[in-house]
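predicted coordinates and the sequence they were generated for:
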Amino acid sequence: MVGAGPAGLAAAAQLRAAGHDPLVIERSDTIGSAWQTRYDSFRLHTIRWLSGLPGMPMPATLGPWVSRDDFVDYLARYAERFAIAPRFGTALVGLAPADGCWRLSTTNGELEAGRVVLATGACNEPQIPAWSGRDSFRPPLIHSSDYRRPGPYAGRRTLVVGSGNSATEVAVDLASNGVPVELAVRTPPGILRRDIGGIPTQPLGIALRYAPAKVADPLAAALRRLSIPDLSAHGLPAPKRPFSLFERSGTIPVLDHGFVSAVRSGAIRIRPGVARLDGDEVVHDDGSRSRPDAVIAGTGYSPGLDSVLGPLGLIDDRGLPTVGSRGGDDRIAGLHAVGISVPLSGLLREIGKDAQRLAHSIPGQKVTAGSHYR
């Protein structure tokens with residue numbers, strides 16, 4: 001098992017319940033490390049009762065939208081409950097089939113395993129575009145993964161770049177604390193209410209997950225018209241085919257819990273996307289320029305598996321593995337992936353289902369994802 005986040009923990013727990021004895025390796029020194037570094041105001045995008053891992057629902061005391069710290073604590077308690085003790089400080093750097101098994105090259109030597117489960121997540125490596133002029137750009141520029149709280153940005157004109165949930169949530173966090181903020185958007189996103197009258201919209205994503213675009217597009221567009229004001233005058237026209245936009249780009253719709261009102265009030269001003277950087281200035285796609293005191297790039301992540309799966313031809317053009325929780329054909333027998341996806345229906349819900357499918361797909365075998373070092 002590679003990874004000790006929600007996917008690795010869920011898969012390990014399900015395999016253990018099925019009578020297997022998985023070894024979990026984790027590159028960091030803690031469980032759920034990626035979640036621990038989210039910004040202070042972070043809350044799960046998915047409703048609590050659809051976000052618990054198999055065998056241990058989240059307690060109602062955590063509220064409907066679980067905070068970062070409560071979720072990290074939940075992961076630690078989950079690992080303790082199912083006796084999952086990862087081997088920390090061990091990163092996977094290479095993978096190759098060898099004599100009916102898999103050889104894993106790690107930062108702590110080599111492992112051999114009959115089966116390998118990749119559970120490293122789809123948001124593993126922060127990505128900042130290679131903008132022209134970046135090397136000589138003088139204002140501080142960070143990825144949203146390094147943003148923690150608005151305090152350091154007080155009184156500083158801040159440009160957030162991106163149109164996904166990370167970018168919009170960071171912009172809202174800044175704006176709601178009085179920071180002058182602009183959001184640079186190249187492709188206007190689909191926007192959904194996180195909940196309507198206290199009813200979460202996540203079940204809609206579950207219902208539409210396998211719907212054809214000809215059905216999902218008009219439904220999603222109608223819901224937007226009914227629940228989200230027209231933001232065209234503010235620079236955010238609604239996409240005509242929101243479901244197709246997700247299928248094409250893999251970008252989850254923005255789940256609104258303050259973004260729309262901040263844009264309408266002018267607390268967040270929308271700018272065109274970033275074309276290049278020039279000294280102290282940002283040049284936008286329409287040729288206009290801005291002069292921010294700081295830039296935060298909410299420009300997404302990659303799974304970071306290119307060097308591991310690329311040589312095997314098991315990666316798609318988004319960097320996602322082409323193996324799933326059921327394994328695959330003979331050439332990838334024994335290689336699985338859990339939770340490395342971007343689903344509309346909610347990642348944590350799908351992690352649980354992936355983990356259960358994985359455990360059911362390998363009955364009566366011991367899964368020792370690494371039996372010894374060489």
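On my side now, so go ahead.

can we go C-alpha only for contacts and neighbour counts from here?
Noted.

where do the domain boundaries of this protein fall?
6-124+303-361, 129-297 (automatic domain parsing).

JSON lines for the ones you listed, including mean pLDDT and mean neighbour count?
Shown next, in JSON lines, are those (pLDDT from 0 to 100; neighbours: other C-alpha atoms under 10 Å):
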{"stretch": "domain 6-124+303-361", "mean pLDDT": "92", "mean neighbour count": "19"}
{"stretch": "domain 129-297", "mean pLDDT": "93", "mean neighbour count": "18"}
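
do you know how far residue 216 is from residue 343?
Separation of residue 216 from residue 343 (C-alpha to C-alpha, to the nearest Å) stands at 14 Å.

cool, residue 286 as well?
Relative to residue 343, residue 286 is positioned 33 Å away (C-alpha to C-alpha).

do residue 2 as well
Distance, residue 2 to residue 343, by C-alpha to C-alpha: 21 Å.

one more: residue 318?
For residue 318, the distance to residue 343 - C-alpha to C-alpha - is 14 Å.

and the spatially closest residue to residue 129 that is not a sequence neighbour, which of the three is it?
Among residues not flanking residue 129 along the chain, residue 299 sits closest, at 7.4 Å (C-alpha to C-alpha, 6 or more residues apart in numbering). Put simply, residue 299 is coil when judged by DSSP: H, G, I helix; E, B strand; the rest coil.

pretty sure residue 299 sits against residue 130.
No - applying C-alpha atoms under 8 Å as the test, residue 299 and residue 130 come out as separate, 11.2 Å apart.

just the terminal-to-terminal distance for stretch 94-114.
16 Å.

wouldn't residue 238 be in contact with residue 217 here?
No - the criterion here is C-alpha under 8 Å, and residue 238 misses it with residue 217 at 11.9 Å.

doesn't residue 35 belong to a strand?
No - Residue 35: not assigned to a strand; according to three-state DSSP it is helix.

quick one: the helices in the stretch 201-350 of the chain, in order.
Listed in chain order, the helices found in the stretch 201-350 of the chain under DSSP state H, counting those that start in this stretch are 202-208, 213-227, 242-249, 259-265, 306-309, 347-361.

can you give me how far stretch 303-315 is from the chain middle?
18 Å (C-alpha atoms, centre = their mean, to the nearest Å).

other residues contacting it?
Stretch 303-315 has contacts (C-alpha atoms under 8 Å, 6 or more residues apart in numbering) with 92-96, 120-125, 319-323, 340.

narrow the residues you listed to those in strands?
Counted as lying in strands by DSSP state E, out of those, are 92, 93, 94, 95, 96, 125.

need the max-distance pair from the residues you listed.
96 and 125 (22.0 Å; C-alpha to C-alpha).

skipping adjacent residues, who's closest to the residue nearest the centre of the chain in space?
Among the residues of the chain, the one closest to the centroid is residue 123, at 4.2 Å (C-alpha atoms, centre = their mean). In space, and not counting its chain neighbours, residue 123 is closest to residue 301: 4.9 Å by C-alpha to C-alpha, 6+ apart.

burial of the one you found, as a residue count?
16 (other C-alpha atoms under 10 Å).

so it makes contact with residue 143?
No - using C-alpha under 8 Å, residue 301 is not in contact with residue 143, being 9.8 Å away.

shared neighbours, those two?
With C-alpha under 8 Å, 6+ apart, residue 301 and residue 143 have common neighbours 126, 127.

show me what contacts residue 181?
Counted by C-alpha under 8 Å, 6+ apart, residue 181 has contacts 157, 158, 159, 160, 171, 174, 175, 267, 268, 269.

and these as TSV, adding distance to residue 222?
As requested, the contacts of residue 181 are arranged in TSV below (distance: C-alpha to C-alpha, whole Å):
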residue	distance to residue 222
157	36
158	34
159	31
160	29
171	26
174	31
175	29
267	27
268	25
269	26
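
inside helices: which ones of the residues you listed?
Residues of those located in helices (DSSP state H): 171, 174, 175.

okay, the residues you listed in JSON lines with distance to residue 77 next?
Below are the ones in helices among the contacts of residue 181 laid out as JSON lines (distance: C-alpha to C-alpha, whole Å):
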{"residue": "171", "distance to residue 77": "32"}
{"residue": "174", "distance to residue 77": "32"}
{"residue": "175", "distance to residue 77": "34"}
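
and the residues you listed, which is closest to residue 230?
residue 171 (19.5 Å).

could you double-check that the closest one lies in contact with residue 268?
Yes - Residue 171 is within contact range of residue 268, at 7.0 Å (criterion: C-alpha under 8 Å).

residues in contact with residue 257?
Contact analysis of residue 257 by C-alpha under 8 Å, 6+ apart lists 193, 194.

if I look at it, how far off is residue 80?
33 Å.

cool, residue 8 as well?
Separation of residue 8 from residue 80 (C-alpha to C-alpha) stands at 14 Å.

do residue 223 as well
42 Å.

so which residues make contact with stretch 123-130?
Stretch 123-130 is contacted by residues 34, 143, 145, 297, 299, 300, 301, 302, 303, 304 when judged by C-alpha under 8 Å, 6+ apart.

one more time with 7 Å, if that's ok
143, 145, 297, 299, 300, 301, 302, 303, 304 (C-alpha atoms under 7 Å, 6 or more residues apart in numbering).
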